[in-house]
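Asker: predicted model and sequence below, questions to follow.
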Amino acid sequence: MLPTDTALVLFSGGQDSTTCLAWALQHYARVETIGFDYGQRHAVELTVRPTVLARLRAHNRDWDAKLGEDHMIDLSLISAISQTAMTHDIAIETQANGLPNTFVPGRNLLFMTVAATVAYRRGLSVLVGGMCETDFSGYPDCRDDTMKALQVALNLGMDSRFKLETPLMWRDKRQTWELAHALGGTALVDLIRDETHTCYLGERGTLHDWGYGCGTCPACALRARGYRQYAGTEAPAA
Ligand code: ZN
């Protein structure tokens, strides 16, 4: 049996996965991180990861003691086998099936499966991901049912007892900022706002009240609205 107090967090360097990492550091005795380089246009998120990790360590001594190895995995095969606005220089738009062309088919399935493979080797029992069904772009592999089905498939296929945790599944972006505040106060909110990266276009020139980004892509729009609702400078959605 795997110990149930160890976790592997899918950590991209974005707002959601950083909040998930803080959540995991609060809940588990040992926490490792995994990141994927898949030729994303916003590869800048990979360059902010070490800074975010260092600042999380400085933020909380307990978290520093619990935080273990960081695993960076090359998944460049994703951009080789798909053609989307996430990995290629084409405009972001909605496709005929209603999904934005930033959707990389099967990406989260692949991420979780690779994470499970690493967790198996490392003796980690909980896989933590920032998938969210509430304030998302309609990606079907972010759905709660998808993750529950994948948990069953991974456990059958690896004869293991992994638990997939998705602490943001039912939170909107405002509530994700509120979770960060509950976990680490204003200092953690400021850390996430200033150091994490969400923008699909990899824009990092201007620091807005909600952090860095182009301000217009779908990821920036969600992040900015959520932050302003959290900060009370914009009314929550009705
Ligand atoms: Zn943007």
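Answerer: Here it is on my side, so go on.
Asker: what does whatever helix or strand residue 182 lives in contact?
Answerer: If you go by DSSP states H and E, residue 182 is part of helix 173-195. Contact partners of helix 173-195, identified using Cβ atoms under 8 Å, 6 or more residues apart in numbering, comprise 15-16, 18-19, 22-23, 26, 48, 51-52, 55-56, 59-60, 132, 134-135, 167-168, 171, 207, 210-212, 222-223, 225-227, 229-231, 236. (C-beta placed from N, C-alpha, C; glycine too.)
Asker: rerun at 7 Å
Answerer: For helix 173-195, the external contacting residues (Cβ atoms under 7 Å, 6 or more residues apart in numbering) are 15-16, 18-19, 22-23, 26, 48, 51-52, 55, 59-60, 135, 168, 171, 210-211, 222-223, 225-227, 229-230, 236.
Asker: any idea which helix or strand in this structure has the lowest mean pLDDT?
Answerer: Within the chain, judged by mean pLDDT, DSSP states H and E, the helix or strand with the poorest mean is helix 77-81; its value is a mean of 82.
Asker: centre of the chain to that one, how far?
Answerer: Counting by Cα atoms, centre = their mean, to the nearest Å, helix 77-81 is centred 20 Å from the centre of its parent chain.
Asker: list the buried residues in it.
Answerer: Neighbour-count burial for helix 77-81 flags 78-79 (criterion: 16 or more other Cβ atoms under 10 Å).
Asker: just the buried residues of the contacts of helix 173-195.
Answerer: Buried subset of the contacts of helix 173-195 (neighbour count, 16+ other Cβ under 10 Å): 15-16, 18-19, 22-23, 48, 52, 55, 59-60, 135, 168, 171, 210-211, 222-223, 225-227, 229-230.
Asker: which of these fall in helices?
Answerer: Residues of the buried ones among the contacts of helix 173-195 located in helices (DSSP state H): 15-16, 18-19, 22-23, 48, 52, 55, 59, 222-223, 225-227, 229-230.
Asker: how about the residues of the protein by the ion?
Answerer: 199, 201, 213-214, 217, 220 (Cβ under 5 Å from the ion).
Asker: let's see if you can find the most crowded of those.
Answerer: Taking other Cβ atoms under 10 Å as the neighbour criterion, residue 213 ranks highest of the residues of the chain next to the ion with 25 neighbours.
Asker: these two touch, right, it and residue 222?
Answerer: No. Between residue 213 and residue 222 there is no contact under Cβ atoms under 7 Å: 10.4 Å.
Asker: for residue 88, report the pLDDT, please.
Answerer: The model reports residue 88 with a pLDDT of 67.
Asker: what about residue 68, neighbour count?
Answerer: Applying other Cβ under 10 Å, we find 15 residues neighbouring residue 68.
Asker: is it true that it lies in a helix?
Answerer: No. Looking at residue 68 with DSSP: H, G, I helix; E, B strand; the rest coil, it is strand, so not inside a helix.
Asker: that one: what's its closest spatial neighbour, skipping adjacent residues?
Answerer: residue 32 (4.5 Å; Cβ to Cβ, 6 or more residues apart in numbering).
Asker: quick one: pLDDT of residue 135?
Answerer: On the pLDDT scale, residue 135 is placed at 62.
Asker: which secondary structure element contains residue 89?
Answerer: Using DSSP H and E, residue 89 is not contained in any helix or strand.
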